Every structure is written in C-alpha cells, then in structure tokens.
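1. Sequence and predicted model, in that order:
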Amino acid sequence: MHELSIVMSIVELASAQASRHDASVIEEIELDIGCLSGIEMESFDFAWKQAVKRTILENARRTVNRIEGRALCLDCNTDFTMEHLYDGCPNCGSHLSQIRSGKELKLRSLVLPD
C-alpha cells in the first residue's frame, strides 16, 4: 500500500513546516490529489487515520480537492476529460495525448494557530 508512505511523507512535510513557524499543532491541512495520480482514496483515508495518530496532524481538519483528469489530444487537438490514465480521445480515438491535469499530489495549505 503506497498510500501509507505517501501519508507519512505528508506528515513529515507538514511537521517540518509547522516547526519552521514554532507551531506544535496544525489546525487544518488542504491537499490536491488528482484523479489520475494512482492514489486509491479509500486506502488513503485508511492510511491517514493510522498515520496521523499522535502526530501534529492528529486533530487537524483535512480537506482533499480531487483534481479532474484532463488531456489534450496531440492528433486532433481536442481537450477532453480523462477518468483513467490511458483513456483515448473521445473525438478521434487516439491515445497520443498530453495530460494537462489530474496527476497532482500537492500539499496546498496548512492552517496554524495564532
């Protein structure tokens, strides 16, 4: 389950940021996770519950923004939505595309106490 290692990396990154601001707790964390990132959200949620216990994120409110998969067909120039990483162009059927969004995994923001 690579979701656990991802969550542990998020905890480390958030803890380092909080430490830079002399914060001992994080009130809120906001993440961007793309639909094409390969992260299984049910596994991510389970890993989150386990990994944040007794950490600076234990009581933090978590917001996850799911980023839609979008691509540009390099054959017919159609911009389209992708649900799966290898979806073909709905206009011409080509699989030659440039992914525009959906692979994100980003810590967007942290809210620290005053």
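-> Sure thing, it's come through. Keep in mind that what you see is a predicted model, and the values were worked out from it rather than measured.
2. count of residues packed around residue 20?
-> Using other C-beta atoms under 10 Å, residue 20 has 8 neighbouring residues. The C-beta positions use only the backbone N, C-alpha and C, and glycine is treated the same way.
3. How about the one 4 residues further on?
-> Neighbour count of residue 24, defined by other C-beta under 10 Å: 9.
4. Need the three-state assignment for the residue lying closest to it once chain neighbours are set aside.
-> Distances taken as C-beta to C-beta, 6 or more residues apart in numbering put residue 56 closest to residue 24, at 6.9 Å, once the chain neighbours are dropped. At residue 56 the chain is in coil, as set by DSSP: H, G, I helix; E, B strand; the rest coil.
5. from here on, count from 33
-> Sure, I'll start counting at 33 from here, so that last one is residue 88.
6. how close does residue 88 sit to residue 73?
-> 23 Å (C-beta to C-beta, to the nearest Å).
7. So if I had to pick from those two, which one is more boxed in?
-> More crowded of residue 88 and residue 73, by other C-beta under 10 Å: residue 88, with 21 against 14.
8. Give me the pLDDT value at that one.
-> pLDDT recorded at residue 88 is 95.
9. List the contacts of it.
-> Counting by C-beta atoms under 8 Å, 6 or more residues apart in numbering, residue 88 makes contact with 43, 46, 47, 50, 55, 56, 57, 58.
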